[in-house]
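In: Show me the folded form of this:
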Amino acid sequence: MPLIDLSCHLGITAATLACPPPTLEMARAYADQFGVETLCLTSSESNTDLNGGNARLAEVIKEDPRFRGWLTLSVHQPELSLHLAAHYFRQSRWVGARFEQTHDADDIGEAGGHEIINGLRRYSLPVFLTVHSQSGLHAAVAAAREFHTLKFLLSPQSEELSSDILPAVREVLNISIVPVAAYVERDIIAQAIRILGERGERRVLWGSEWGRFHPAAALGMMKDAAITAPQRERIMYRNARELLGAP
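Out: Below you'll find the predicted structure:
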């Protein structure tokens, strides 16, 4: 089965665990080894250098047809973020916008975040939000409710949030979940499909967090999940293919 990995990282950060600093060559080797059709990359450098990090990622995704990029934006730099979106989203190899809600001050509900999301409506591209706290979860849900024409991907960054997020987003149909294998219990995928209701498998997507964690954990999470083969194929491939606009 081909794979589309929606969450990969280039560059070392404090979150890098048990992996060498991820490089372009290592990303290619990962794709070759596991048969990954598309790697959606984030520049860790962009968290401290928004302009430079995204510029260098723009060069990286030109190097291999399997690479796509998440454009890192910041609620603390709305003017620059909207400028970067206007520049890069004219190009076809970008997946959408990504925000790291690491602290409460980073919540997308802050004034700068609201301004940016409002400006992103013109591009109709997905918005990827990491969720590190209950505050970040509430802010993400509120943003998705307000900007209901956009697709939001939420990635909970703790075991507790991985459980709490499911009932919180059940009725918000423009939110999908990208679980992180390092933070989930074995049965979280099956639980997500059940809690999210009818056709819940269409609202769960797969990312390995390659570059921060070894991909074997994320692959094992899906292999061990108590779901059907068609559900597994949809989560690991078809949902992402549709998100990327592929036929």
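
In: Please, where are all the helices along the protein?
Out: Here the chain has its helices, by DSSP state H, at 24-34, 50-60, 78-88, 111-120, 134-146, 159-169, 188-195, 215-224, 229-233, 239-243.

In: For those, please prepare CSV with the additional fields mean pLDDT.
Out: Shown next, in CSV, are those (pLDDT from 0 to 100):
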stretch, mean pLDDT
helix 24-34, 93
helix 50-60, 95
helix 78-88, 98
helix 111-120, 96
helix 134-146, 96
helix 159-169, 92
helix 188-195, 92
helix 215-224, 91
helix 229-233, 95
helix 239-243, 96
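
In: okay, now residue 141: neighbour count?
Out: 21 (other Cβ atoms under 10 Å). Every C-beta, even on glycine, is put in place using the N, C-alpha and C of the backbone.

In: try the one 10 residues further on
Out: Residues near residue 151, counting by other Cβ under 10 Å, number 18.

In: Of the helices of the chain, which is nearest residue 176?
Out: Closest approach to residue 176 among those is made by helix 239-243 (7.3 Å; Cβ to Cβ).

In: can you list contacts of that closest one?
Out: 4, 6, 38, 40, 95, 126, 151, 176, 201-202, 204-206 (Cβ atoms under 8 Å, 6 or more residues apart in numbering).

In: Narrow the residues you listed to those in strands?
Out: 4, 6, 38, 40, 95, 176 (DSSP state E).

In: Pretty sure the third one sits against residue 69.
Out: No - under the criterion of Cβ atoms under 8 Å, residue 38 makes no contact with residue 69, lying 11.1 Å away.

In: any residues in contact with both of the two?
Out: Joint contacts of residue 38 and residue 69 (Cβ under 8 Å, 6+ apart) do not exist.

In: For the nearest residue to residue 191 once chain neighbours are set aside, give me its contacts.
Out: In this structure, residue 191 finds its nearest non-sequential neighbour in residue 166, 6.7 Å apart by Cβ to Cβ, 6 or more residues apart in numbering. Residues in contact with residue 166 (Cβ under 8 Å, 6+ apart) are 177, 191, 192, 195, 196.

In: Could the C-alpha coordinates of stretch 111-121 be exported in PDB?
Out: Taking C-alpha atoms only, stretch 111-121 is exported to PDB below (Å, rounded to 0.1, in the frame of the first residue of the first chain):
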ATOM      1  CA  ALA A 111      -5.500  38.600  17.600                       C
ATOM      2  CA  GLY A 112      -2.700  37.900  15.300                       C
ATOM      3  CA  GLY A 113      -3.900  34.300  14.700                       C
ATOM      4  CA  HIS A 114      -7.400  35.500  13.900                       C
ATOM      5  CA  GLU A 115      -6.000  38.000  11.400                       C
ATOM      6  CA  ILE A 116      -3.900  35.400   9.700                       C
ATOM      7  CA  ILE A 117      -6.700  32.800   9.400                       C
ATOM      8  CA  ASN A 118      -9.000  35.400   8.000                       C
ATOM      9  CA  GLY A 119      -6.500  36.200   5.400                       C
ATOM     10  CA  LEU A 120      -5.900  32.500   4.500                       C
ATOM     11  CA  ARG A 121      -9.500  32.000   3.500                       C
END
